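1. What shape does this take:
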Amino acid sequence: MKTPFESQSQTRRKFYDATLSTVRTIMIERMAKPEEVLVVENDQGEVVREFMKDTDSINMYKLMRETLVYLTHLDTVDTERIMTDKLHRQVDGSEWSWKNLNTLCWAIGSISGAMHEEDEMRFLVTVIKELLGLCEQKRGKDNKAIIASNIMYIVGQYPRFLRAHWKFLKTVVNKLFEFMHETHDGVQDMACDTFIKIAQKCRRHFVTIQVSESYPFIDEILLNLRSIICDLGQQQVQTFYEAIGYMIASEADDGTQASLIERLMALPNQIWDETIQMIKANPEALKDVECLKQFANVLRANQRACISLGNVYVHQLKKIFYDSLQLYKLLSNSISAAVVVGGDLANKGPFIRNMKTVKKEILKILSSWISKATNPQLVYEYFLPPMFEAILLDYKTNAPDAREPEVLTLMRSVVERLEGSITPRIPEIFDGVFQCTLEMINKNFEEYPEHRTNFFLLLQAVNQKCFAGLLTIPGPQFKLIIDSIVWAFKHHMRNVAEIGLQILYQMFKNIAAQPADVAQSFYKAYYLVLLEHLFSVASDPTHSGNLNLFSTILAYMFTLIDDKKVVVALGGVNDPSDNMTFLQSYIQQMLKSAFPHLTESQIKITVAGMFQLDQDVGQFKEHLRDFLVQIKEFTGDDETDLFIEEREGLLKKAQEDKRKIQMAVPGILNPHEIDDMED
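-> Numbers count the residues shown, from 1 in each chain. Prediction:
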C-alpha cells in the first residue's frame, strides 16, 4: 500500500508529465557537443576535424548531460520513446540532417547508466542497428563521417552493454577497424580513441574464447594487424598498440601472454632489426633524419605498449635492451661531437633535436617498465649495470643543454621500485646526476624547469625509500643536499617549494630514527641553519603558500627540543640541557633584526607561544599565521594568501562531496570516470 507521501509525489509528477516531456525533447534537440567528438560541422557547413577544444561547449554539455540524466530517472519510458522516434525519423529521412543526428546521438550517449540494465540493452540494440543501417544507406564521405562519428561516440559511452553482448562488441570493433581506413579528417582519431576505451573496459573479452567462437578475438586482430593499421598515422598506431597491450595484459597464462606480445611487436621489431643492422653496417646512416624518425616511431610504439602491458613488457624489452643502450651511446657521441664543432646553435638544430628525441624515448621506455616491474632482483642484476654505464656517465659529462631531464625520472623510478636494495648504488647515482644538475638550476629560479622538478622528485624518492644511502655520501656532498633542499623550499614555483618542504620534514623524521651519534651530528651542523631559512621563507610575502607544511616542520623541530631529543649544545658553548632557553633567545634576536618594527613584547609572546603550542600543529599554524598577519599589516601586503590552503581544502571537500552525490545517482558520472576496468 502506498504511503500518502508516495501518492502525493506521483500526483505531482503526473501533473508535470507534459511539461517534463517537452523539456526532454528540447534538451535532446539542442544537446551540446561532448569532448570526445572530434568530427564537427564548421560555420561553412563543411565536415572537419576539431583541433581546438571549445570549453564553453564542453561545460554546457556537462550541465545538459546531468539535467537529461535526472529527467531520464523521472521517466525512462518517455526518454526512450522520444529518442527512438527521432532516430526513426533520421532513418526514414523526414528529419535527416547532420545537426539533428548529432544532437540526438550526443543525447543518447549522455544518459549511459541512467536506465535499468535490461532497458538500456534493449534500447541500445535498436540504436546501434539503426545507425549501422543508416551508415550503409547514406552516400557521400561527409554523411558517412558524421554517422561514423556518432556510432563511435555512442558505443564508447556504453561499455556495460558491450561487455554483456559479445556479438555486438565484435561487430562494433570490426566497424572501428573499417573506420580506421577512412581518411576523412577526425574519423581515424575517433576510431582509435574509441578502440582504446573499449579495450580498457572490455579487455578480458578479447583474450577469452567466446560462445560460438573457435579462438579468442585477439588472435584474429593480431593476424590482421598490418592490414588494420596500414592507413593510420604514427600517433594513431601508437594508440592502437597501447589498446592491444591492455587486452594482452589481461591474459592469465604466462606462455600465451609471451606469445601474444611477440606477435604484437613483430612489425616494430622487424623495422627495428633492419634499421639497427643498417647502422651497424654504416654508422653514417645515423645522420639520416628519416632513419632517426624511424627509430623514434618504433620506440614510441614500444613505450605505449609498455604502459598498458606493465611488468610483462619485459619479454619485449629483453629483445631491444642492449641495442637501445648501444644506440643511446652512439647518439650521445654524435651529439657531443656536433656541439664541439657547432656550439649551442648545433644543439638546437633539427638534426640534434631528432637524435635527442630518440634518446628521450629510450629513457621513457626504461622508466615506464621499471616503475611497473615486479621482480626487483631482475632489475638490479640484469638491467641496472649496463644501464648505469651507458646513461650516468653520458649525463655527467654532457653539456647542460644536452642533458635529458628524463634521466632524472629514470633514476627516480629505479629508487622507488628497488627501495632499500638500491642503497649501495646511491653514491653512484648522485655522482652521475646530483652536482652537475644542481649547478644547472641554482643560478636562478627559471632555467631548466623540467630538470628542476625532476631533480627534487628524485631527491624526495631517495629520502623516502633509501635514506641510508644518503648517509653514505661524503660530508661536503651531503651539505650540497641540504643546500639543495633549502634552494627548493625557497623556490617561487609552489610545487617545487612544496616538494622541498616535504623532503625536509621526511629527513628530520628519518634522522630521528638514526643512531644517536648520527642524529646529534646532524642537529649540530644543520638545526639552526635550517631553522633560520625556514623563518626567512615563511615570513617572505612571496612564499605565503605552504603554511601548513612550514607549521608542521617548525612544530616538529621545537618538539625535538621539548622532548630533549637534541642533546648537543646548539649554541656551541651553552649547556645542552639549556637548549630551550638558548633557542628562544636565538629566535627572538633573529626576529628582532628581521622585523625591527615589532615590539619586544610582541616577539616574546610569539616565540613563547610557538614552544607552548608545538604539540598541536593546528594551533601552532594559527599562532604562526597571527604573527605573519602582524608583519603584513605593517608592510601593507595582502593577507589573503595566508588562508589559501584553507580555501583549497574547502574547494577539495566540496568537490569530494559533489562526487559522492554524483556516484549515488546512476548515469551522472561519465562511464570513463568510473573505475570499472576489467582486470
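2. where exactly do the strands run in the protein?
-> Ranges of strands in the chain, per DSSP state E, are 39-41, 47-49.
3. Report the contact partners of residue 311.
-> 369, 372, 373, 374, 375 (Cβ atoms under 8 Å, 6 or more residues apart in numbering). Yep, even glycine has a C-beta here, placed from its N, CA and C like the rest.
4. got it, and residue 132?
-> 151, 171, 175.
5. Grab the nearest non-local neighbour of the first one.
-> Okay, so that is residue 151. residue 131 (5.0 Å; Cβ to Cβ, 6 or more residues apart in numbering).
6. What pLDDT does the model give that neighbour?
-> As predicted, residue 131 sits at a pLDDT of 90.
7. Give me the number of neighbouring residues for it.
-> Neighbourhood size, residue 131 [other Cβ atoms under 10 Å]: 22.
8. can you start the count at 36 instead of 1 from here on
-> Got it, first residue is 36 now, which makes that one residue 166.
9. Distance to residue 643 added to the contacts of residue 346, as a markdown table?
-> A markdown table is the format used below for those (distance: Cβ to Cβ, whole Å):
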| residue | distance to residue 643 |
| --- | --- |
| 404 | 55 |
| 407 | 52 |
| 408 | 53 |
| 409 | 54 |
| 410 | 56 |
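10. Sort out for me which of those are in helices.
-> If you go by DSSP state H, these have 404, 407 in helices.
11. Neighbour count, distance to residue 359 and pLDDT added to the contacts of residue 346, as CSV?
-> Shown next, in CSV, are the contacts of residue 346 (neighbours: other Cβ atoms under 10 Å; distance: Cβ to Cβ, whole Å; pLDDT from 0 to 100):
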residue, neighbour count, distance to residue 359, pLDDT
404, 26, 11, 96
407, 17, 17, 94
408, 21, 16, 94
409, 11, 21, 93
410, 12, 19, 93
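12. ok, of the contacts of residue 346, which one's closest to residue 590?
-> residue 407 (37.8 Å; Cβ to Cβ).
13. I'd guessed the closest one sits against residue 347; true?
-> No: Residue 407 lies out of contact with residue 347 (Cβ atoms under 8 Å); the separation is 9.1 Å.
14. Distance check, the residue lying closest to residue 570 once chain neighbours are set aside against residue 478.
-> Of all residues not flanking residue 570 in the chain, residue 625 sits nearest, at 6.5 Å (Cβ to Cβ, 6+ apart). Using Cβ to Cβ, to the nearest Å, residue 625 is found at 28 Å from residue 478.
15. Comparing the two, which shows the higher neighbour count?
-> Taking other Cβ under 10 Å, residue 625 and residue 478 do not tie; residue 625 has more neighbours (17 against 9).
16. From residue 584, how far off is the more buried one?
-> Residue 625 sits 20 Å away from residue 584, going by Cβ to Cβ.
17. Over to residue 320?
-> Taking Cβ to Cβ, one finds residue 320 at 53 Å from residue 584.
18. the more surrounded of those two?
-> residue 584 (21 against 14).
19. what's the more buried one in contact with, if anything?
-> 533, 536, 537, 540.
20. distance of the first one from residue 446?
-> Applying Cβ to Cβ, one obtains 21 Å for the distance of residue 533 from residue 446.
21. And the two? Which one has more around it.
-> Regarding residue 533 and residue 446, a neighbour count based on other Cβ under 10 Å identifies residue 446 as having more, with 29 against 18.
22. Was I right to think the more buried one contacts residue 466?
-> No: applying Cβ under 8 Å as the test, residue 446 and residue 466 come out as separate, 11.7 Å apart.
23. May I see the buried residues of stretch 164-180?
-> Judged by neighbour count using 16 or more other Cβ atoms under 10 Å, the buried positions of stretch 164-180 are 166, 169, 170, 173, 177, 178, 179, 180.
24. got the buried residues for stretch 451-470?
-> Across stretch 451-470, burial judged by 16+ other Cβ under 10 Å covers 451-453, 457-458, 460-462, 464-465, 467-469.
25. And the pLDDT at the closest residue to residue 504 other than its chain neighbours?
-> Nearest residue to residue 504, sequence neighbours excluded (Cβ to Cβ, 6+ apart): residue 461, at 2.9 Å. Listed pLDDT for residue 461 reads 91.
26. check contacts around residue 461.
-> Residue 461 makes contacts with 450, 497, 501, 504, 505, 507, 508, as judged by Cβ under 8 Å, 6+ apart.
27. Give me the buried entries from those residues.
-> 450, 497, 501, 504, 505, 508.
28. Quick one: neighbours of the residue nearest to the first one when sequence neighbours are not counted, just the number.
-> Read that as residue 450. Computed as Cβ to Cβ, 6+ apart, the closest residue to residue 450 that is not its neighbour in sequence is residue 496, at 4.4 Å. By other Cβ under 10 Å, the residues close to residue 496 number 20.
29. contacting residues for residue 310?
-> By Cβ under 8 Å, 6+ apart, residue 310 lies in contact with 326, 329, 330, 333.
30. what's the answer for residue 503, then?
-> 455, 458.
31. Next one: it from residue 455, what distance?
-> 7 Å.
32. what's the spacing between the closest residue to residue 649 other than its chain neighbours and residue 240?
-> Distance criterion Cβ to Cβ, 6+ apart; nearest residue to residue 649, sequence neighbours excluded, is residue 593 at 3.9 Å. Residue 593 sits at a distance of 59 Å from residue 240 (criterion: Cβ to Cβ).
33. gap between residue 341 and residue 457?
-> The gap separating residue 341 from residue 457 is 21 Å, by Cβ to Cβ.
34. quick one: low-confidence parts of the stretch 136-285 of the chain?
-> Judged against pLDDT under 70, the stretch 136-285 of the chain has no low-scoring part.
35. which stretches of it form helices?
-> 152-172, 176-192, 194-199, 201-214, 222-236, 238-242, 252-258, 260-264, 269-284 (DSSP state H, counting those that start in this stretch).
36. now swap in the stretch 336-485 of the chain and tell me
-> Going by DSSP H, counting those that start in this stretch, the stretch 336-485 of the chain shows helices at 349-382, 385-407, 411-413, 419-432, 441-453, 461-476, 484-500.
37. Let me see the residues that make contact with the shortest one.
-> For helix 411-413, the external contacting residues (Cβ under 8 Å, 6+ apart) are 349, 452, 453, 454, 456.
38. And the fourth one, by the same measure?
-> Judged by Cβ under 8 Å, 6+ apart, the contacts made with helix 419-432 from elsewhere in the structure are 356-357, 360, 363-364, 367, 371, 398, 401, 438-439, 442, 445, 449, 460, 463-464, 466-468, 471.
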